[in-house]
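>>> For reference, the sequence and a predicted model appear below.
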Amino acid sequence: MARTVLQQADIARALTRISHEILESNRGANDLVILGIPTRGVVLAERIGRIIGGIEQGSDPASIVGSLDITMYRDDLARHPTRTPSPTQVPRQGIDGKTVVLVDDVLYSGRTIRAALDALNDLGRPRVVRLATLVDRGHRELPIRADFVGKNLPTSREERINVRLAEIDGTEEVTIEG
């Protein structure tokens, strides 16, 4: 049975807070690049970009938001070979010397983010890399920590976090199963 822990309004508030925290830590939107990790991380990155565009004068979400495909950098390809790569789309100005914020829906073991860091390394050399996640559920296997977190949800390893977003799933919620 699934238990709802975040609803649409909760997700919207979390993303607004994360957007403000990103702007505060970066001292504005200058030299900022936001890259979402497919699938739901891209949707969250686009939403964060729109929020930042509404807060920061002259900030165009289309010029700061992109996506970072990590498929070929994963360490579990032998076990899950059926992943379909998505295109990596980096804003026109690139990432060299920029503050790059990686965005994902759930932070768990840290392996997805390790793969994202490897993929990012092939694109250029950012000044700094930050991590934003809607849900941090714990159970890290690597020394990776999110800089911006929507909700910390301590879970057991047997539980599953499901993030559903309107653009992909037709509904908006975060649930825990198990």
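Yep, it's here.

>>> And for the residue most central in space within the chain, nearest residue in space, chain neighbours not counted?
For the chain, the residue nearest the mean C-alpha position is Val103 (1.6 Å; CA atoms, centre = their mean). Excluding the flanking residues, the one nearest Val103 by CB to CB, 6 or more residues apart in numbering is Ala45, at 4.1 Å. The way it works is simple: take the backbone N, C-alpha and C, and place the C-beta from them, glycine included.

>>> ok, that neighbour touching Val33?
No. Checked against CB atoms under 8 Å, the pair Ala45 and Val33 is beyond contact range at 9.9 Å.

>>> So which residues of this structure form strands?
Assigned by DSSP state E, the chain shows strands spanning 2-7, 32-36, 65-67, 99-107, 128-136, 148-152, 160-164, 173-177.

>>> Mutual contacts of Ala45 and Val33, please.
Gly66, Val101 (CB atoms under 8 Å, 6 or more residues apart in numbering).

>>> Quick check: most distant residue from the centroid of the protein.
Max radial position in the chain (CA atoms, centre = their mean) goes to Met1, at 26.5 Å.

>>> what's the burial count for the residue nearest to Val103?
Per other CB atoms under 10 Å, the neighbour tally for Ala45 reads 26.

>>> what's the answer for Ala62, then?
12.

>>> got it, and Asp10?
Neighbour number of Asp10 under other CB under 10 Å is 17.

>>> what's the answer for Asn121, then?
Neighbours of Asn121 (other CB under 10 Å): 12.

>>> That one and Thr84: what is the separation?
23 Å (CB to CB, to the nearest Å).

>>> Then Glu167?
For Glu167 relative to Thr84 (CB to CB), the value is 18 Å.

>>> between the two, who's got more neighbours?
Under the criterion of other CB under 10 Å, the comparison of Glu167 against Thr84 puts Glu167 first, with 13 against 7.

>>> Which residue is the nearest non-sequential neighbour of that one?
Spatial nearest neighbour of Glu167, excluding adjacent residues (CB to CB, 6+ apart): Val43 at 5.0 Å.
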